[in-house]
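Q: When you get a sec, could you give me coordinates for this:
(one chain, ligands or ions: 2)
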Amino acid sequence: MILGVIADDFTGASDIASMLVRAGLRTVQTIGLPDGPAPDADAVVVALKSRTAPVADAVRESLAALAWLRAAGAQRFYFKYCSTFDSTAEGNIGPVTDALMTALGTDITVMCPALPENGRTVYAGHLFVGDTLLSESGMRHHPLTPMTDANLLRVLQPQVPAGQGIGLVRHGTVAKGADAVRRELDTLRARGVRYAVTDAVDNADLKVLAEATSDLPLVTGGSGLALGLRAEAPRTDATSLPPVGGHAAVLSGSCSVATNAQVNDWIASGRPAYRIDAMQFGADGAPDPAEAALAWAAPRLAGGPVLIYATSTPDEVRAVQAHFGVEQAGVLVEDCLARVACGLVDLGVRRLVTAGGETSGAVVNALDVNQLRIGPTIDPGVPWTHAEQRGLLLAMKSGNFGTVDFFAKALGQVA
Ligand SMILES: Nc1ncnc2c1ncn2[C@@H]1O[C@H](COP(=O)(O)OP(=O)(O)O)[C@@H](O)[C@H]1O
Ligand SMILES: O=C(O)[C@@H](O)C(=O)COP(=O)(O)O
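A: Ligands and ions are numbered 1, 2, ... in the order given. The predicted structure follows:
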C-alpha cells in the first residue's frame, strides 16, 4: 500500500477515494477500522465520523486508524478534512493533525483544503467558496460547524498547542513551482512553523504542491491535493459497478445551500418527497417520525425513487436547535434518518443516495457496511460506491457538492 488516508467523515472519504481512483491508484474505502486483512490496494481510505466528535475521541480514533494503516504497509499518510475547513473552535483539524505528526515524528505538514473544481480556492491564506469568502458563504449557517472566519491561519490558531507555528506558502511561491515550495517549507520549518497553510487557486497549483510535498510523511487537506498524486503504474480500468436491482431512494439531512436547492428541484419536478419535521420529535401524540416516513414510502417505492428529507433552511434549523439544543438536534435527525435507511433497505431499496456528511455517516454505520468499492463519478467528489456484502449501491453526497438535479441524475446512472 502506498497511501493511507484518514478521512474525518464518510462523504469526504468517498470524495478523496474518487480522486485517488482518478489519479490511477487502486483504492478501497473502509468504514471505520477494518477488522479483516489489509485490502489489496494502492490506497486505503479509512472513513471516520470524527469531524464533530469530542476532540479526545477524534484524536484517539485517528491514531488508531494511523496505526492500522502503518501495520498494513502504508508508506505515506493523508489526513482528509473538508474543503471548507469545517471545524469547531476546539478542533478537530488542529488536534488530529498535531497528534498524527507527533506519531509520525514529522516536524512540518501542509494544510491544503483547496478544491478548485468545486469552487474552493485559497489565496493569501483566505478560503473562498466560489466568488465569496468562506465566512460570507452558506457555510456560515452550517448546523454543526458554522464557518465565520475565512482566514485559515486564524481559524487554526486556537486549535493547535500554544506557541506552535502556523505559516503560509503564498501563491507567488506556488506559481514558481515545486522547488520553490520545497525551499519555502524549509524556511518555514527553520522558523519553527509546523503547519503550513498553502494557497492554491487551480489544479496546476495542486499538482505543484503534491510534487513539493512528496517526501513529507503526512499531508493534510481536502481531496484536491490527491489529484496531484501519481500512481507508479496507473490503473485505467473502467470503474463500472454491478447492477443491484431493487428500489431506489434519497435520504437528505444536509442543510447546505446546494442540498436545499437539490431538494427543491426534486420536489418541483413532481417526484415523491416526504419531509421529516424535526419540530415534531417527541411531540405529544406524534407518531414515531421514522415509522411515519417508512409508512409513507412503502406503497410508493415500486413506482420509482422517493426522497425523504430533513433538509431545512437556516431559520428552520435555528428554531429546531433552540428547541432541542444544537448537538441533540443533530443527533435526533441523524438517528431518525439512520432508522429510515434501515427500514428502506428492509423494504427492498438497494440504490441509495444520502446527502450530508454526518447524515451519511449515521446511515452507513446503521446499515453495517464496512467496505466500499469506488465506482463512476456522478459530479466532482461524489462517486457511486458498492457495498458488496450488503448488495447496495450508495452515493454519499457532501453537503455542498453536486448540480441542482443531482439526485435524479445520480439515480439515472445505476440499475
Ligand atoms: N431540520 C433540521 N434541524 C436541525 N438539524 C438538522 C435538521 N436537518 C438536519 N439536521 C442536522 O444537520 C447536520 C447536517 O450535517 P451533515 O449531514 O454533515 O450535512 P453537510 O454535508 O451539509 O455538512 C446533521 O447533523 C443533521 O442531523
Ligand atoms: O472536502 C469536501 O468538501 C467534502 O469531501 C467534505 O468533506 C464535505 O463534508 P460535508 O459537507 O459535511 O458532506
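Q: Count the neighbours of P54 for me.
A: 12 (other C-beta atoms under 10 Å). Bear in mind the C-beta positions are built from the backbone N, C-alpha and C, glycine included.
Q: ok, now V263?
A: 23.
Q: Buried residues of stretch 86-104, list them for me.
A: 86-87, 91-101, 103-104 (16 or more other C-beta atoms under 10 Å).
Q: no no, stretch 28-47
A: In stretch 28-47, counting by 16+ other C-beta under 10 Å, buried: 28-32, 34, 38-39, 41-47.
Q: what distance separates the start and the end of that stretch?
A: End-to-end distance of stretch 28-47 (C-alpha to C-alpha, to the nearest Å): 10 Å.
Q: packing partners for the strand ranked longest in the chain?
A: Using DSSP state E to define each element, the chain has its longest strand at strand 371-379. For strand 371-379, the elements it packs on are helix 10-22, strand 27-31, strand 382-387, strand 392-397, helix 406-411, judged by 3 or more C-beta pairs under 8 Å, 6 or more residues apart in numbering; DSSP states H and E.
Q: how about the second one against ligand 2, any contact?
A: No - judged by C-beta under 6 Å from any ligand atom, strand 27-31 and ligand 2 are separated, with a smallest distance of 12.2 Å.
Q: quick check: angle from that strand to helix 10-22?
A: Interaxial angle, strand 27-31 versus helix 10-22 (axes from the mean of the first three to the mean of the last three C-alpha atoms, to 10 degrees): 170 degrees.
Q: now swap in the fourth one and tell me
A: Interaxial angle of strand 392-397 relative to helix 10-22 (the same axes, to 10 degrees): 100 degrees.
Q: Mind listing the strands strand 392-397 pairs with, and their directions?
A: strand 349-355 (parallel), strand 382-387 (antiparallel) (DSSP bridges).
Q: a markdown table please, covering those and showing mean neighbour count and distance to V364.
A: Output for the strands paired with strand 392-397, formatted as a markdown table (neighbours: other C-beta atoms under 10 Å; distance: least, C-beta to C-beta, whole Å):
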| stretch | mean neighbour count | distance to V364 |
| --- | --- | --- |
| strand 349-355 | 26 | 8 |
| strand 382-387 | 25 | 8 |
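Q: list the contacts for the nearest residue to H142 once chain neighbours are set aside?
A: Among residues not flanking H142 along the chain, D86 sits closest, at 6.8 Å (C-beta to C-beta, 6 or more residues apart in numbering). By C-beta atoms under 8 Å, 6 or more residues apart in numbering, the residues touching D86 are R51, M139, H142, L144, T145, M147.
Q: How about T239?
A: T239 touches V21, I374, G375, P376, P383, counting by C-beta under 8 Å, 6+ apart.
Q: can you rerun that using 7 Å?
A: Applying C-beta atoms under 7 Å, 6 or more residues apart in numbering, we find T239 in contact with V21, I374, G375, P376.
Q: what does R230 give?
A: So R230 contacts A23, G24 (C-beta under 7 Å, 6+ apart).
Q: cutoff 10 Å now
A: Listed by C-beta atoms under 10 Å, 6 or more residues apart in numbering, the contact set of R230 reads A23, G24, L25, K207, A210, E211, S214.
Q: for the nearest residue to I93 once chain neighbours are set aside, helix, strand, or coil?
A: In space, and not counting its chain neighbours, I93 is closest to S87: 4.6 Å by C-beta to C-beta, 6+ apart. Following DSSP: H, G, I helix; E, B strand; the rest coil, S87 is assigned to coil.
Q: Please look at S87 and R51 and confirm they touch.
A: Yes - counting by C-beta atoms under 10 Å, R51 is a contact partner of S87 at 7.5 Å.
Q: who touches both of those two?
A: Shared contacts of S87 and R51, counting by C-beta under 10 Å, 6+ apart, come down to D8, Y81, I93, V96, T145.
Q: Keep only those residues that also lie close to ligand 1.
A: Of the shared contacts of S87 and R51, not one also sits near ligand 1 (C-beta under 6 Å from any ligand atom).
Q: Show only the entries of those found in strands.
A: Per DSSP E, the subset of the shared contacts of S87 and R51 in strands is empty.
Q: which of these sit farthest apart?
A: V96 and T145 (14.1 Å; C-beta to C-beta).
Q: wouldn't Q159 be in contact with V55 here?
A: Yes - contact between Q159 and V55 holds when scored by C-beta under 10 Å: they sit 8.9 Å apart.
Q: so how far is A410 from the nearest residue to L294 once chain neighbours are set aside?
A: Closest residue to L294 apart from its sequence neighbours, by C-beta to C-beta, 6+ apart: G343 at 4.1 Å. Between G343 and A410 the distance, using C-beta to C-beta, to the nearest Å, works out to 21 Å.
Q: Please identify which of these two sits among more neighbours.
A: A410 (23 against 18).
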